[in-house]
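Enquirer: this is a predicted model, with the sequence first.
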Amino acid sequence: MHKRHITFALCLIFLLGLFFQYNRTDGFASLLKNSNAVMAIGTINEQPAIEMNLDNKHYLLVFDAKDINSILLKRNIERVLKYHKKKVTTVDSNVFADSHLPYAGIIMALGNFDQVKSMAAFRDFVRQGGSLYVMVTPKLGPAFATMYQEMGFDSIAEPGLAHGIKVLSNVLVKGKGFILSDNDYEMAILKGVINRAAHVHLTSLENTPLLWDYSCGKGKYIVYNATGLQEKAMRGIVAGMLSLGRDTYIYPVIGTKTVYIDDFPAPVPDGYFDSIKAEYQLSLADFYRQVWWPDMLKLAERYNIRYTGLIIETYNNQVKPPFLPEEDHDGNNKKNLVIYGRELLKSGGELGIHGYNHQPLTLQQYTGSEIDLGYNSWGSIDHISQSIAELKRYVAEVYPGYKLKAYVPPSNILSKEGRQALIDASPDLNIIASLYVQGDGRSTYDQEYTKSKDGIYEMPRISYDYTRDNNYDWEILNGVSSLGVFSHFIHPDNFLYEERANELGWSKTYKEFTSLIKGIQDNYGWLRSCTASEAAVHLDDYLNLEYQLVEKQDSLTLRCWGFRNEVYFILKTSKKINTVQGCLVENIDENTYLLKIFAPKVQVFFESVGAS
């Protein structure tokens, strides 16, 4: 009997040993059924027969074709209108425009009214019930001198400068009370006194009114008394201004929340890092395993985050073949891919690619700020393709059958040739995620949310880092308000090299990151938490979506087509919603609603004026 117990115990120990060895390597990872297949999609809603006099609202955009600042402003406004799927006609300021058409509004992308040949007609358009949007500081001149009081000025003085922005209303969704406190953010303004009847939405840090709406006759002026709306980071303000000109303003949004972890899983340096050793008495590898990653998983579970991790195989600087498997760290590189990758997938995340190494895919010598990054350029497209093939082999060894769909360029740098080599070497890849707001260098891969002709979804990231940054918070506000998107990225080691984060240490840095992610969940809980591939499905619906609408005093009717899954619209109105059909409705801010549309015909019925 005793020998049988010993034999049983030895067998159990042997089997447990096999279990842990299998688990320690890539045994269980290879059994994962997760192939990163696309999420289930529904049937396309076809274009319906047109009923009534449905219209998307048509805007007239006036600009100065000889002024580069006016051209840039025009392009930015056009992009917002395109995202909102509104019709727009552009006209040079020295051309007479027909203001008798039923425009939703006339948008002025210039401040010199003297050169606007149709200015008198535009002023009459306002008096008859239209809205005129002034998108840049007005310039002193004869035309402005005859109309400044119509625009909400009581008196005017000289041009000047203002700094920073205070948000006094929800012109940005959940933005009321926000302060862009950057004194370096400088704007050209026109000093003066604003009529007390004007509704002021933004001021400078010096309390100079920057944005207001003011009634004139049956219509109104919406005035931005500052510069800067040509910037991508100000598109939420443009969207908010468009909503100020109408009793009811509705526009589609993508409606997604994504968080990318660049360089993860990736090799972890051996040894200790001073700040980590001082705070935790751990090596860097042990810190990532015992502290950083458990904290990140806890954050994801608590605040509804699905990470997309971007894999790096090695940090060598090699740009010429052969690209051989890295044989160092006692096999820890592969262990990291197994352990971290498995846990990321288990948490609902996704694996994508960052590169064989961290050398950006470009054949050109770097210029500008990229020179300081110490990168090498690749010798040929074929060399790039071979490096991607090695990375795919490395991943497939651990996750056979897993489709790598998302790519993030190292340091957000990607050339045209490198992009093509990447796509040719990665048939499953259909997402590139780089930067929304332009980077510092000329080689950065800046994007709009779109689908390229070659089938790649361009899905830029809007914000970055663990620690809170006032400028990034501003870009987040504008991104959510204009696009319905929160897209953020970090690197595991940001806090080791970013000066402020390094001073804080991980525990305080993690608190700041938690406050950011918690704030997004608290203020924008309606955003759908997605991996990159899941967000691409919603982006596809958004891009293919078409709609027409008709507004009445007591109702709004939408006819939508081209989408498969539920699509999101933001509705801004002071009217109270009574009932809806074809959608779900959620109040997401004062006088601001989210419509979750699941049917091709949507109706929103408002309460009658005076109803209790």
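Expert: Done, it's in.
Enquirer: could you report the distance from Asp589 to Ala266?
Expert: Per C-beta to C-beta, to the nearest Å, Asp589 is found 39 Å from Ala266. For every residue, glycine as well, the C-beta is placed using N, CA and C.
Enquirer: okay, the two: which has more neighbours?
Expert: Taking neighbours as other C-beta atoms under 10 Å, Asp589 and Ala266 compare with Ala266 leading, 25 against 18.
Enquirer: for the nearest residue to that one once chain neighbours are set aside, list each beta-bridge partner.
Expert: In this structure, Ala266 finds its nearest non-sequential neighbour in Ile312, 3.8 Å apart by C-beta to C-beta, 6 or more residues apart in numbering. According to DSSP bridges, the partner residues bridging Ile312 are Gly355.
Enquirer: in contact with Ile312, which residues?
Expert: 263-267, 354-358 (C-beta atoms under 8 Å, 6 or more residues apart in numbering).
Enquirer: look up how far Phe125 lies from it.
Expert: Taking C-beta to C-beta, one finds Ile312 at 57 Å from Phe125.
Enquirer: how about Pro138?
Expert: Taking C-beta to C-beta as the measure, Pro138 falls 17 Å from Phe125.
Enquirer: and for Asp98?
Expert: 10 Å.
Enquirer: out of those two, which sits in the busier spot?
Expert: The neighbour comparison of Asp98 against Phe125 (other C-beta under 10 Å) goes to Phe125, with 23 against 11.
Enquirer: care to break the protein down by domain?
Expert: 58-246, 256-538, 545-606 (automatic domain parsing).
Enquirer: can I assume Ala143 sits in a helix?
Expert: Yes. Assessed with DSSP: H, G, I helix; E, B strand; the rest coil, Ala143 lies in a helix.
Enquirer: looks like it contacts Lys117 (just checking).
Expert: No. Here Ala143 does not reach Lys117: they are 10.5 Å apart, not a contact under C-beta atoms under 8 Å.
Enquirer: coming back round to it: please report the distance of the residue nearest to Ala266 from Ala104.
Expert: Distance, Ile312 to Ala104, by C-beta to C-beta: 48 Å.
Enquirer: now swap in Ala226 and tell me
Expert: Look at Ala226 and Ala104: by C-beta to C-beta, they are 23 Å apart.
Enquirer: which of those two has more neighbours?
Expert: Per other C-beta under 10 Å, whichever of Ala226 and Ala104 has more neighbours is Ala226, with 25 against 20.
Enquirer: which non-adjacent residue is nearest the more buried one?
Expert: Spatial nearest neighbour of Ala226, excluding adjacent residues (C-beta to C-beta, 6+ apart): Met187 at 4.0 Å.
Enquirer: any idea which element the one you found lies in?
Expert: For Met187, the enclosing helix or strand under DSSP states H and E is strand 186-194.
Enquirer: strand partners (parallel or antiparallel) of that strand?
Expert: Partners of strand 186-194, by DSSP bridges, with direction: strand 153-163 (antiparallel).
Enquirer: so what's the gap between the strand it pairs with and the chain middle?
Expert: Strand 153-163 sits 34 Å away from the centroid of its parent chain (C-alpha atoms, centre = their mean, to the nearest Å).
Enquirer: output that strand as CSV, restricted to C-alpha atoms.
Expert: C-alpha atoms of strand 153-163 as CSV (Å, rounded to 0.1, in the frame of the first residue of the first chain):
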residue,chain,number,x,y,z
PHE,A,153,-19.9,93.6,-30.7
ASP,A,154,-21.0,96.7,-28.8
SER,A,155,-17.8,98.5,-29.6
ILE,A,156,-14.5,97.6,-31.1
ALA,A,157,-10.9,98.5,-30.4
GLU,A,158,-7.6,97.4,-31.8
PRO,A,159,-6.3,93.9,-32.7
GLY,A,160,-4.5,92.0,-30.0
LEU,A,161,-3.4,88.7,-28.6
ALA,A,162,-5.0,86.2,-26.2
HIS,A,163,-3.8,83.0,-24.6
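Enquirer: tell me which helix or strand comes right after it.
Expert: Following strand 153-163 toward the C-terminus (DSSP H and E): strand 165-167.
Enquirer: chain center to the strand holding Met187, what's the gap?
Expert: With C-alpha atoms, centre = their mean, you get 30 Å for strand 186-194.
Enquirer: so what touches the helix or strand just after it?
Expert: Where DSSP H and E defines the elements, the next helix or strand beyond strand 186-194 is strand 199-203. For strand 199-203, contacts defined as C-beta under 8 Å, 6+ apart pick out 165-169, 171, 194, 209-214, 237, 240, 244.
Enquirer: neighbouring strands - and their directions - for strand 199-203?
Expert: Assessed with DSSP bridges, strand 199-203 is paired to strand 165-167 (antiparallel), strand 209-216 (antiparallel).
Enquirer: name the element Gln521 belongs to?
Expert: helix 499-523.
Enquirer: isn't Phe144 up against Val116?
Expert: No. Between Phe144 and Val116 there is no contact under C-beta under 8 Å: 10.4 Å.
Enquirer: more neighbours, those two?
Expert: Using other C-beta under 10 Å, the more surrounded residue of Phe144 and Val116 is Val116, with 22 against 19.
Enquirer: now do the closest residue to the more buried one other than its chain neighbours against Val62, distance only.
Expert: Computed as C-beta to C-beta, 6+ apart, the closest residue to Val116 that is not its neighbour in sequence is Ser93, at 4.7 Å. Distance of Ser93 to Val62, given as C-beta to C-beta: 5 Å.
Enquirer: over to Leu422?
Expert: From Leu422 over to Val62 the distance is 42 Å, taken as C-beta to C-beta.
Enquirer: quick one: which of these two has more around it?
Expert: Using other C-beta under 10 Å as the criterion, Leu422 and Val62 rank with Val62 on top: 27 against 23.
Enquirer: please give the element, helix or strand, for the more buried one.
Expert: strand 58-63.
Enquirer: what is that strand packed up against?
Expert: helix 68-83, strand 87-92, strand 105-108 (3 or more C-beta pairs under 8 Å, 6 or more residues apart in numbering; DSSP states H and E).
Enquirer: from what I can see Val437 touches Lys232, true?
Expert: Yes. Val437 is within contact range of Lys232, at 5.1 Å (criterion: C-beta under 8 Å).
Enquirer: tell me where the stretch 501-612 of the chain has strands.
Expert: Secondary structure of the stretch 501-612 of the chain, counting by DSSP state E, counting those that start in this stretch: strands at 528-529, 546-552, 555-561, 567-573, 577-581, 583-589, 592-597, 601-606.
Enquirer: just those: most buried one?
Expert: Of all the strands of the stretch 501-612 of the chain, strand 567-573 carries the top mean neighbour count, a mean of 23, counting by mean count of other C-beta atoms under 10 Å.
Enquirer: contacts for it, please.
Expert: With C-beta under 8 Å, 6+ apart, strand 567-573 has contacts from 173, 243, 247-255, 484, 526, 541-542, 545, 556, 558, 560, 583, 588, 591-597, 604, 606.
Enquirer: quick check: mean pLDDT across that strand?
Expert: For strand 567-573, the mean pLDDT works out to 98.
Enquirer: change the start of the numbering to 295 and stick with it
Expert: Done: numbering now begins at 295, and the last item shifts to strand 861-867.
Enquirer: in its sheet, what does that strand sit against?
Expert: Going by DSSP bridges, the partners of strand 861-867 are strand 542-547 (antiparallel), strand 886-891 (antiparallel).
Enquirer: report the distance from that strand to the chain centre.
Expert: 17 Å.
Enquirer: check stretch 589-605 too.
Expert: Centre-to-centre, stretch 589-605 and its host chain are 18 Å apart (C-alpha atoms, centre = their mean).
Enquirer: repeat for stretch 535-550
Expert: Distance, stretch centre to chain centre, for stretch 535-550: 17 Å (C-alpha atoms, centre = their mean).
Enquirer: buried ones in it?
Expert: For stretch 535-550, the neighbour count (16 or more other C-beta atoms under 10 Å) marks 535-540, 542-550 as buried.
Enquirer: in CSV, list the C-alpha atoms belonging to that stretch.
Expert: C-alpha atoms of stretch 535-550 as CSV (Å, rounded to 0.1, in the frame of the first residue of the first chain):
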residue,chain,number,x,y,z
MET,A,535,-20.1,75.9,-33.8
LEU,A,536,-22.1,74.2,-36.5
SER,A,537,-24.5,73.0,-33.8
LEU,A,538,-24.9,76.5,-32.5
GLY,A,539,-26.4,77.7,-35.7
ARG,A,540,-29.4,75.4,-35.7
ASP,A,541,-32.2,74.4,-33.3
THR,A,542,-31.4,70.8,-34.1
TYR,A,543,-28.0,69.6,-35.4
ILE,A,544,-27.4,65.9,-36.0
TYR,A,545,-24.3,64.1,-37.2
PRO,A,546,-22.9,60.5,-37.3
VAL,A,547,-19.9,59.5,-35.2
ILE,A,548,-17.7,56.4,-35.2
GLY,A,549,-18.4,55.7,-31.5
THR,A,550,-15.3,53.7,-30.4
